[in-house]
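Colleague: What follows is a predicted protein model with its sequence.
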Amino acid sequence: MSCGKVDDIEDILKSESNDASLEDHNRSNNKSFIIPKSIKKYSKLADENDKNYDQSLTNSNVPGVACIYVKTWGCTHNNSDSEYMAGQLAAYGYKLTDNGNEADLWLLNSCTVKNPAEDHFKNYIDKAKELKKYLVLAGCVPQGAPKASYIQGLSVIGVQQIDRIVEVVEETLKGNSVRLFGKKKQDGKKYGGASLSLPKVRRNPLIEIIAINTGCLNECTYCKTKHARGELGSYYPDEIVERIRQSFEEGVVEVWLTSEDTGAYGRDIGTNIVELMWKIVKVIPEGCWLRIGMTNPPYILEHLEEMAKILNHPRIYSFLHIPIQSASDAVLTDMKREYCCDDFKHIVDFLREKVPGVNVATDVILGFPTETEEDFQETYNLIKQYKFSSLFINQFFQRPGTPAAKMRQLTTQERKRRTKIISELFQSYTTHDSKLGTIYEVLVTEISHDEEYYVAHNKYYEQILVPKLDYLMGRMVQVEIIECTKHSMKGRVIEESLNKYPRRVQIKKGEVTGLVISDLNNNANSVGDCCGNGISIKENSCGTECCSNKELSANKLNDFKLVKLNRIRDYAIATLITSSVILISKIALRYLKSK
């Protein structure tokens with residue numbers, strides 16, 4: 001490094017970094033989004049100079065050594081974003097913690113769907129300020145309302161910029177305020193977002209959440225999410241399939257496909273959800289399952305025949321989340337939902353006929369501004385007729401900036417009354433009683449809320465509680481149903497089934513994954529080849545012990561560590577130079593004062 005004036009630590013990094021493979025982790029590409037902290041004027045008194053100088057040293061932070069608390073609200077897409085941000089931070093050397101009190105910085109990933117979620121988000125901001133924590137805000141709230149008064153002066157990262165979380169955190173720890181928004185584009189069109197190949201720390205090491213697209217094609221009058229996630233932007237099929245293949249090799253046993261609308265996938269890139277699914281099923285190993293995320297009725301109508309075949313596949317959950325929101329066509333029109341109640345009924349009837357035992361979940365919104373008592377009764381009758389085993393009941397909340405917020409509102413009491421009536425209806429029936437004594441294959445992936453049982457799901461994504469035995473976690477086993485309740489069943493494990501599916505290698509909670517470097521072109525031509533640069537996509541061809549995978553993963557992790565060490569070294573040099581300049585200035589100031 002040549003001697004001379006050091007304007008910025010980023011300049012040192014830029015001059016020394018020549019590794020093209022680490023381009024995404026350089027922090028010197030763009031400084032325009034950084035708002036520097038204000039520089040306090042030095043007092044004429046020497047003791048005040050000393051005080052300010054001491055404070056400047058106390059506030060300095062070495063890159064990659066701080067402790068970070070991540071809090072997430074909202075949908076599975078938000079959870080996936082948080083896992084990616086946590087993965088990048090952990091790979092770079094930051095310590096992650098579940099204890100906000102011990103953290104140096106809070107990363108808050110928000111949800112804008114309902115008022116209560118945003119209120120909780122605001123409360124956490126206030127709490128972080130009270131505890132004097134550094135703050136980085138993410139998610140749909142700041143993206144959808146960047147001028148909101150309570151986020152001004154705080155660091156914000158947009159939903160499509162999560163691959164730059166490390167540099168945002170670094171600048172925030174220096175005392176700067178960062179506002180980083182913007183859209184990812186490819187071939188001049190909006191892209192799905194940050195790369196799916198980023199490092200990740202999964203909330204549940206057994207479950208991989210993959211966003212196949214972002215945004216949607218709808219213009220629902222009540223929805224604030226569209227303001228944040230925008231128009232439809234899909235990832236290319238090969239990138240999705242590669243991430244899924246890699247996840248299973250890492251020990252994942254269940255994959256969730258997520259987005260604001262999975263049914264709309266691919267319409268912007270010349271493909272569709274059905275074509276994607278037929279590619280995905282080829283890389284799902286035996287003893288693992290995949291769950292398809294929420295899809296709106298208009299886009300599933302076009303693919304009903306093929307979707308029924310997909311839901312019948314032995315490695316796909318026979319489960320689909322299709323929100324109706326209201327059974328009144330008049331309300332659906334005011335919501336701009338682009339379908340009618342009969343469309344929804346046709347979808348449910350068709351799937352129940354073609355996919356035996358299929359579990360269709362749905363959503364309803366109660367108290368929409370134009371919902372009359374007759375409209376409400378239609379929704380009531382629909383639920384009573386179909387007796388959905390999974391029903392998400394939502395009281396309407398007027399979200400700022402949406403057309404529905406400008407309509408004449410029903411009273412809060414009336415909205416609550418209707419919500420209570422539907423809740424009581426849902427609780428009045430059961431759907432599991434007839435399953436007593438049934439034998440199911442189930443996949444064990446979670447711990448129950450009371451921590452008394454492990455949670456498994458059968459082919460229809462129905463919740464089954466099993467004994468809390470360590471050797472069951474992450475395995476597919478057979479159980480006999482011995483008890484049924486409204487929301488779940490309890491199963492007795494059939495011991496003979498334990499040998500049917502061997503236990504897979506499991507990732508530890510908090511471990512960084514996704515550090516494998518692979519070449520999609522090589523993958524397409526290397527089925528059966530598991531050496532050198534070729535990584536097989538043949539089902540179970542190499543598993544988690546693939547020699548090239550392990551070597552590449554180690555090399556990528558070493559690259560992260562090398563970048564971190566270099567940045568710490570350069571930071572130390574710059575700090576030393578800066579401290580020397582300040583010390584010389586202090587001596588000069590005291591000399592001039594004595595004169």
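Modeller: Happy to help now that I have it.

Colleague: quick one, helices of the stretch 351-500 of the chain?
Modeller: Under the criterion DSSP state H, counting those that start in this stretch, helices of the stretch 351-500 of the chain are mapped to 373-386, 412-427.

Colleague: CSV please, covering these and showing mean pLDDT, mean neighbour count and distance to E130.
Modeller: Bear in mind the C-beta positions are built from the backbone N, C-alpha and C, glycine included. Listed next are those as CSV, based on pLDDT from 0 to 100; neighbours: other C-beta atoms under 10 Å; distance: least, C-beta to C-beta, whole Å:
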stretch, mean pLDDT, mean neighbour count, distance to E130
helix 373-386, 98, 16, 42
helix 412-427, 98, 15, 30
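
Colleague: could those go into TSV alongside distance to L107?
Modeller: Below are those laid out as TSV (distance: least, C-beta to C-beta, whole Å):
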stretch	distance to L107
helix 373-386	38
helix 412-427	33
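
Colleague: between the ones you listed, which one is nearest to Y150?
Modeller: Proximity to Y150 (C-beta to C-beta) singles out helix 412-427 among those, at 23.2 Å.

Colleague: Outside of that closest one itself, list whatever touches it.
Modeller: 364, 366-367, 371, 376, 379-380, 383-384, 388, 391, 393-396, 486 (C-beta atoms under 8 Å, 6 or more residues apart in numbering).

Colleague: switch the cut-off to 10 Å
Modeller: 364-369, 371, 373, 376-377, 379-381, 383-384, 387-397, 409-411, 486-487 (C-beta atoms under 10 Å, 6 or more residues apart in numbering).

Colleague: Just the buried ones from these?
Modeller: 364-369, 371, 376, 379-380, 383, 388-391, 393-397, 410 (16 or more other C-beta atoms under 10 Å).

Colleague: Keep only those of those residues that are in strands.
Modeller: V364, I365, L366, L391, I393, N394, Q395 (DSSP state E).

Colleague: for the stretch 251-400 of the chain, what are the low-confidence residue spans?
Modeller: Judged by pLDDT under 70, the stretch 251-400 of the chain has no weakly predicted residues.

Colleague: show me where it has strands.
Modeller: Assigned by DSSP state E, counting those that start in this stretch, the strands in the stretch 251-400 of the chain fall at 254-258, 289-291, 319-321, 359-366, 391-395.

Colleague: Nearest to V159, out of the ones you listed?
Modeller: Among the strands of the stretch 251-400 of the chain, strand 254-258 sits nearest to V159 (C-beta to C-beta), with 13.3 Å.

Colleague: Neighbouring strands - and their directions - for that closest one?
Modeller: Strand 254-258 pairs in its sheet with strand 207-211 (parallel), strand 289-291 (parallel), by DSSP bridges.

Colleague: any idea which residue sits dead centre in the chain?
Modeller: Nearest residue to the geometric centre of the chain (C-alpha atoms, centre = their mean): S80, 2.0 Å.

Colleague: give me the element it is part of.
Modeller: According to DSSP states H and E, S80 maps onto helix 76-92.

Colleague: Over to L589?
Modeller: Per DSSP H and E: helix 547-594 holds L589.

Colleague: I'd like the average pLDDT over that helix.
Modeller: For helix 547-594, mean pLDDT is 62.

Colleague: one step back: now for the ones in strands among the buried ones among the contacts of helix 412-427: which two are most distant?
Modeller: Distance extremes for those: the farthest pair is L391 and Q395 at 13.8 Å, using C-beta to C-beta.

Colleague: follow-up on the earlier one: for the helices of the stretch 351-500 of the chain, which one sits closest to N458?
Modeller: Nearest of the helices of the stretch 351-500 of the chain (C-beta to C-beta): helix 373-386, 20.2 Å.

Colleague: name the helices or strands packed onto the closest one?
Modeller: helix 329-335, helix 341-354, strand 359-366, helix 412-427 (3 or more C-beta pairs under 10 Å, 6 or more residues apart in numbering; DSSP states H and E).

Colleague: Whatever helix or strand V169 lives in to helix 76-92, inter-axis angle?
Modeller: V169 is part of helix 165-173 when elements are defined by DSSP H and E. Angle of helix 165-173 versus helix 76-92, following axes from the mean of the first three to the mean of the last three C-alpha atoms, to 10 degrees, is 70 degrees.

Colleague: ok, then the element right after helix 165-173?
Modeller: Heading C-terminal from helix 165-173, the first helix or strand you meet, by DSSP H and E, is strand 177-180.

Colleague: which residue sits closest to R245, ignoring its sequence neighbours?
Modeller: Computed as C-beta to C-beta, 6 or more residues apart in numbering, the closest residue to R245 that is not its neighbour in sequence is V283, at 4.3 Å.

Colleague: My error: substitute I209 in the last question.
Modeller: Excluding the flanking residues, the one nearest I209 by C-beta to C-beta, 6+ apart is S80, at 4.0 Å.

Colleague: how close does the one you found get to N109?
Modeller: Noted for S80: a distance of 10 Å to N109, by C-beta to C-beta, to the nearest Å.

Colleague: Overlap in contacts, those two.
Modeller: T72, I162.

Colleague: re earlier: among the helices of the stretch 351-500 of the chain, which is nearest V358?
Modeller: helix 373-386 (12.1 Å).

Colleague: So what's the gap between that closest one and the chain middle?
Modeller: 34 Å (C-alpha atoms, centre = their mean, to the nearest Å).

Colleague: now it and strand 391-395, what's the angle there?
Modeller: 160 degrees.

Colleague: Contact partners for G437?
Modeller: Per C-beta under 10 Å, 6+ apart, neighbours of G437: E480, I481, I482, C484.

Colleague: since we're on the first one, how many residues are nearby?
Modeller: Pointing back at E480 there. Applying other C-beta atoms under 10 Å, we find 14 residues neighbouring E480.

Colleague: I'd guessed it sits against N458; true?
Modeller: No - with contact defined as C-beta atoms under 10 Å, E480 does not reach N458; the gap is 11.9 Å.

Colleague: which neighbours do those two share?
Modeller: T438, I439, Y440, G491.

Colleague: Can you flag the buried ones in these?
Modeller: Buried among the shared contacts of E480 and N458 (16+ other C-beta under 10 Å): Y440, G491.

Colleague: So which of the shared contacts of E480 and N458 is the closest to G215?
Modeller: Y440 (36.8 Å).

Colleague: circling back to that earlier point, select from the contacts of G437 every entry located in strands.
Modeller: E480, I481, I482, C484.

Colleague: returning to what we had before: only alpha carbons, please: show the helix holding V169 as PDB.
Modeller: C-alpha atoms of helix 165-173 as PDB (Å, rounded to 0.1, in the frame of the first residue of the first chain):
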ATOM      1  CA  ILE A 165     -26.800  -6.000   4.100                       C
ATOM      2  CA  VAL A 166     -23.200  -6.300   5.200                       C
ATOM      3  CA  GLU A 167     -22.200  -2.900   3.900                       C
ATOM      4  CA  VAL A 168     -25.400  -1.300   5.300                       C
ATOM      5  CA  VAL A 169     -24.600  -2.800   8.800                       C
ATOM      6  CA  GLU A 170     -20.900  -1.700   8.500                       C
ATOM      7  CA  GLU A 171     -21.800   1.900   7.700                       C
ATOM      8  CA  THR A 172     -24.500   1.900  10.500                       C
ATOM      9  CA  LEU A 173     -22.000   0.700  13.100                       C
END
